[in-house]
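Asker: Sharing a model prediction with you, sequence too.
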Amino acid sequence: MSVKNGLVSLSNLTTMENLSTEEVMALIKRAQAHKSGTAEFNLPKQTFASNLFFENSTRTHHSFHIAERKLGLDVLEFDAQASSISKGETLYDTVLTLCALGVEVCVIRSGVEHYYEELVNSENITCAIVNGGDGSGQHPSQCLLDLMTIYEEFGRFEGLKIAISGDLTHSRVAKSNMMMLKKLGAKLYFTGPAAWYSEEFDAYGHYANLDRILPELDVHMLLRVQHERHASGEVFSKESYHRQFGLTEERARLLKPTAIIMHPAPVNRDVEISDNLVESPQSRIVQQMSNGVYTRMAILEAIMQKQNEIKQEKNLKVVGASISGAISSNLETIV
Amino acid sequence: MSVKNGLVSLSNLTTMENLSTEEVMALIKRAQAHKSGTAEFNLPKQTFASNLFFENSTRTHHSFHIAERKLGLDVLEFDAQASSISKGETLYDTVLTLCALGVEVCVIRSGVEHYYEELVNSENITCAIVNGGDGSGQHPSQCLLDLMTIYEEFGRFEGLKIAISGDLTHSRVAKSNMMMLKKLGAKLYFTGPAAWYSEEFDAYGHYANLDRILPELDVHMLLRVQHERHASGEVFSKESYHRQFGLTEERARLLKPTAIIMHPAPVNRDVEISDNLVESPQSRIVQQMSNGVYTRMAILEAIMQKQNEIKQEKNLKVVGASISGAISSNLETIV
Amino acid sequence: MSVKNGLVSLSNLTTMENLSTEEVMALIKRAQAHKSGTAEFNLPKQTFASNLFFENSTRTHHSFHIAERKLGLDVLEFDAQASSISKGETLYDTVLTLCALGVEVCVIRSGVEHYYEELVNSENITCAIVNGGDGSGQHPSQCLLDLMTIYEEFGRFEGLKIAISGDLTHSRVAKSNMMMLKKLGAKLYFTGPAAWYSEEFDAYGHYANLDRILPELDVHMLLRVQHERHASGEVFSKESYHRQFGLTEERARLLKPTAIIMHPAPVNRDVEISDNLVESPQSRIVQQMSNGVYTRMAILEAIMQKQNEIKQEKNLKVVGASISGAISSNLETIV
């Protein structure tokens, strides 16, 4: 069990599969405490975190940076283009170097799925790895901030009707979200182009017609059309996608007044969602971004919690060893 | 009136037209106090500023960064190339995101004139905007540091004879300077290629022959030839520009011993000004750069002053509401 | 003499030739004290350092950044691509600007050999220059961290047998290392392609056959094959270089159990050294990177030590002048 007094302790955060529902709930509540200003956190000593973003990012990158600074961490921004990566150095050797320099947490976004495996399996890489997104793989901090935003709104997951709509195949966050929301008791629907639906999603919910399901929803989660991950030719025109699968103003009128609209952003305005709805009263898109900072504070805190435990264990061993050394040398004296 | 106890309070700083002469003088004096080390400033809580420079810059960008750090702000450097801007995200959505993450001041340089209008007019963008230069538009912090440098030298503007020379049309700072210096009582002359002069400048001073006017000047402000903003073919050769319109060593001998030379930099040495004059005793070019840090401290302080006032007002309203709530509930008890 | 109470004081650090062996030993010992946590350092006031890396770097750049932050310095990262360098501004004018903005230490890496000379010779550039590598020239902080790593292992240099192997001509660090190690009493051997050996190295050691010398070595220092500095066509295939000149697993078995393997990194795995040896028990490659932080702390401290001395001298002069002024005015009163 890795939740003590409401505080989670994590060696790394690479996929949502790593987390129990208990840990997820504890992280959400801790994020809420950071948001309300009731969480106390004292950094025991100067600690360096490094952000390595090999794919472009505004939200995730700056959100981690601000979370790090709010916890009092020193931040080393790693610019891949200005690094020895351009001399051919591998990610492994780069992270090994940062560890050797004293960095204790690396937040990494990479286009390579499962890039983190060789890092967390290495004995010489002692710093924690937080996955900021791996290709079309996972994006656990985004998943957690989505969960926090839903929980903040409804105070529960059990029985909520949630549609996840759009580019399900290429979305880093769709897969984590469906898996976790199902575990937490929500009822899931998937909408969007059939070509972007896969049978593996049947395990978590079912494919539905957007217009028919809209009036029942509590949460409508839209996914970004990832133009940059689609092979050319495959993508719909903006107008056609919007008309067929997007949240138009007409469709939004079908939503219950208590339903909320979510999107991980960046939003393609007038594609996934009508321009006018992005900052509308039912939208939680801006709030999701704000919650991202608090979620990431909770994640980083859980990482540092673990590192402190490891250090204390080591110290205990050293103390233990020196005590047993002292005892045995005393015994020798006595003998 | 937005000057109290010598402290200016500003919602945004986008153009010099926003500022009254009283505010200008208060900002200059506050900058001088920062320079002499007599200004006290205590940051009430952790505050994030972000610098978004979409055009290259050394002086303005780093000068803001240092000013921010001297005031104790946390700085989020925004790298456009590594951001979602490259996924097509707009400036509006980027700034909206930074606000949502908790950034309270955005310093922005952009090639787009008046880029700031949609930002300051948005209800959802709550962070302050400081214009670090918009295309060939305005550059208010540069204007203020120029004014500070002149005031530091002469202790007044009234009656000073000032020539502004060179690339008047493309200069962000020329227009703000002429407008403000005229308001403050200086007498202005414009020199340089006739093609770079426009009749609109007649409102502030008059076009003059450099050699004839030089012996009378108190301040000779040179402007950078903006090779990067000229269509090809239009520009003079370096030598020809220098000979015809530049401050050569010969010309500099015509200046009064009390006159000063200014340039916003980066200087094209041996174009606008002879290489040997850049760091000469009458030059204030290096001092302008130093003053830029103190000017920007005064600007950022004025922004934070306003934000604190807004917060206090909100708190008063909350307190007011809860007092009136308490009174009415007491009344109910009594009744 | 510039070592007082074990603290070195340096105006700049551009080449190892600037340093006496006494200063080198004091810097190494100070770095060791930082590593063991026994060094005390109090930054007297907010101080800005700027890192200007015009060539890609992971280790040196981030190592300086962390060292700066550990000493409590404010760090201004200078991104050449986003600066006025791209408008044609020179390095001289860039550093002049940073000084004017209040930066007190510039750490610079440039492809131009001896770039630092015009900077340290300028009267107007008042900030200290720390060379982070100049072309195929020097790399003094790397040299010092290599020396620290050897000293940490053996507690002496006198009589150690050290081979420096590989790309001697293009290595920034080979020349500093051979000069300094010879001065400190080590016995040097050079191995690698004959084409990369130069007669000038005869002054410090002699060219040897790697396989013959390996069993006698205390330290085997490998150099990186600098693909990026070689004209095309000149370079060996990876396999052929590794077989002929690299530290293969077979060759490593010839080393004494007490011998150590060093490499400035980034390592070309399976070129200079077998992949499996990089993190092996006899390798000190990771430790070299860790030591780099402490070495750079000692260097930066020595720079700030000098700057404080200069300030104190200036203050003494001012006090002296005002005392003599006071005396003479009193004398006048008396007379």
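Answerer: Now that the structure is in, tell me what you want to look at.
Asker: Going by C-alpha atoms from here, please, whenever you check contacts or count neighbours.
Answerer: Noted.
Asker: Based on its surroundings, how many neighbours for residue A:59?
Answerer: 24 (other C-alpha atoms under 10 Å in any protein chain shown).
Asker: Can you check the pLDDT for residue A:231?
Answerer: Per-residue confidence (pLDDT) for residue A:231: 52.
Asker: pLDDT wise, what is the one residue in the stretch 101-250 of chain A that gets nearest to chain C at?
Answerer: At 4.9 Å from chain C, residue A:101 is the closest residue in the stretch 101-250 of chain A, using C-alpha to the nearest C-alpha. Per-residue confidence (pLDDT) for residue A:101: 97.
Asker: which residue sits closest to it, ignoring its sequence neighbours?
Answerer: residue C:290 (4.9 Å; C-alpha to C-alpha, 6 or more residues apart in numbering or on different chains).
Asker: returning to that earlier point: return the distance of the residue of the stretch 101-250 of chain A closest to chain C relative to residue A:304.
Answerer: 18 Å (C-alpha to C-alpha, to the nearest Å).
Asker: the more surrounded of the two?
Answerer: Between residue A:101 and residue A:304, counted using other C-alpha under 10 Å, residue A:101 has the larger neighbour count: 26 against 23.
Asker: count of neighbours near residue A:71?
Answerer: Neighbours of residue A:71 (other C-alpha under 10 Å): 17.
Asker: surely it meets residue A:41?
Answerer: Yes - Residue A:71 is within contact range of residue A:41, at 7.1 Å (criterion: C-alpha atoms under 8 Å).
Asker: Please report phi then psi for residue A:130.
Answerer: Backbone torsions of residue A:130, given as degrees, to the nearest 10, read phi -110, psi 120.
Asker: Next, work out how far apart it and residue A:15 are.
Answerer: For residue A:130, the distance to residue A:15 equals 9 Å [C-alpha to C-alpha].
Asker: Neighbour count for those two, which is higher?
Answerer: Ranked by neighbour count (other C-alpha under 10 Å), residue A:130 and residue A:15 place residue A:130 first, with 26 against 21.
Asker: The more buried one: what's it in contact with?
Answerer: Contact partners of residue A:130, counting by C-alpha atoms under 8 Å, 6 or more residues apart in numbering or on different chains, are A:12-14, A:105-108.
Asker: looking at the sheet around it, what are its partners?
Answerer: residue A:13, residue A:107 (DSSP bridges).
Asker: Quick check: the gap between it and residue A:64.
Answerer: 10 Å.
Asker: Residue A:238 too?
Answerer: Residue A:238 is 31 Å from residue A:64, by C-alpha to C-alpha.
Asker: These two - which one has more neighbours?
Answerer: Applying other C-alpha under 10 Å to residue A:238 and residue A:64 shows that residue A:64 carries more neighbours, namely 27 against 15.
Asker: tell me which parts of chain A are close to chain B?
Answerer: Within chain A, the positions lying close to chain B (C-alpha under 8 Å from any C-alpha of the partner chain) are A:55-59, A:62-63, A:65-66, A:69-70, A:228, A:266-268, A:279, A:286-287, A:289-290, A:292-293.
Asker: Longest helix in chain A, please.
Answerer: Criterion DSSP state H: the longest helix present in chain A is helix A:285-334.
Asker: What helices and strands are in contact with it?
Answerer: For helix A:285-334, the elements it packs on are strand A:7-8, helix A:21-36, helix A:59-70, helix A:140-154, strand A:260-262, helix B:91-101, judged by 3 or more C-alpha pairs under 8 Å, 6 or more residues apart in numbering or on different chains; DSSP states H and E.
Asker: any chance of these in TSV, with distance to residue A:321 too?
Answerer: Output for those, formatted as TSV (distance: least, C-alpha to C-alpha, whole Å):
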stretch	distance to residue A:321
strand A:7-8	29
helix A:21-36	34
helix A:59-70	35
helix A:140-154	40
strand A:260-262	54
helix B:91-101	47
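Asker: Just the element for residue A:176, please.
Answerer: Residue A:176 is part of helix A:172-183, with elements assigned from DSSP states H and E.
Asker: I'd assumed residue A:219 was in contact with residue A:163.
Answerer: Yes - taking C-alpha under 8 Å as the definition, residue A:163 is a contact partner of residue A:219 at 6.4 Å.
Asker: shared neighbours of those two, which are they?
Answerer: Common neighbours of residue A:163 and residue A:219 (C-alpha under 8 Å, 6+ apart) do not exist.
Asker: what ranges do the strands span in the stretch 151-300 of chain A?
Answerer: Secondary structure of the stretch 151-300 of chain A (DSSP state E, counting those that start in this stretch): strands located at A:161-165, A:187-191, A:205-207, A:219-222, A:260-262.
Asker: Can you add distance to residue C:243 and give those strands back as JSON lines?
Answerer: Shown next, in JSON lines, are these (distance: least, C-alpha to C-alpha, whole Å):
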{"stretch": "strand A:161-165", "distance to residue C:243": "56"}
{"stretch": "strand A:187-191", "distance to residue C:243": "57"}
{"stretch": "strand A:205-207", "distance to residue C:243": "58"}
{"stretch": "strand A:219-222", "distance to residue C:243": "56"}
{"stretch": "strand A:260-262", "distance to residue C:243": "58"}
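Asker: Mind putting those strands into JSON lines with mean neighbour count and mean pLDDT?
Answerer: Shown next, in JSON lines, are those (neighbours: other C-alpha atoms under 10 Å in any protein chain shown; pLDDT from 0 to 100):
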{"stretch": "strand A:161-165", "mean neighbour count": "25", "mean pLDDT": "97"}
{"stretch": "strand A:187-191", "mean neighbour count": "23", "mean pLDDT": "97"}
{"stretch": "strand A:205-207", "mean neighbour count": "18", "mean pLDDT": "95"}
{"stretch": "strand A:219-222", "mean neighbour count": "24", "mean pLDDT": "98"}
{"stretch": "strand A:260-262", "mean neighbour count": "22", "mean pLDDT": "98"}
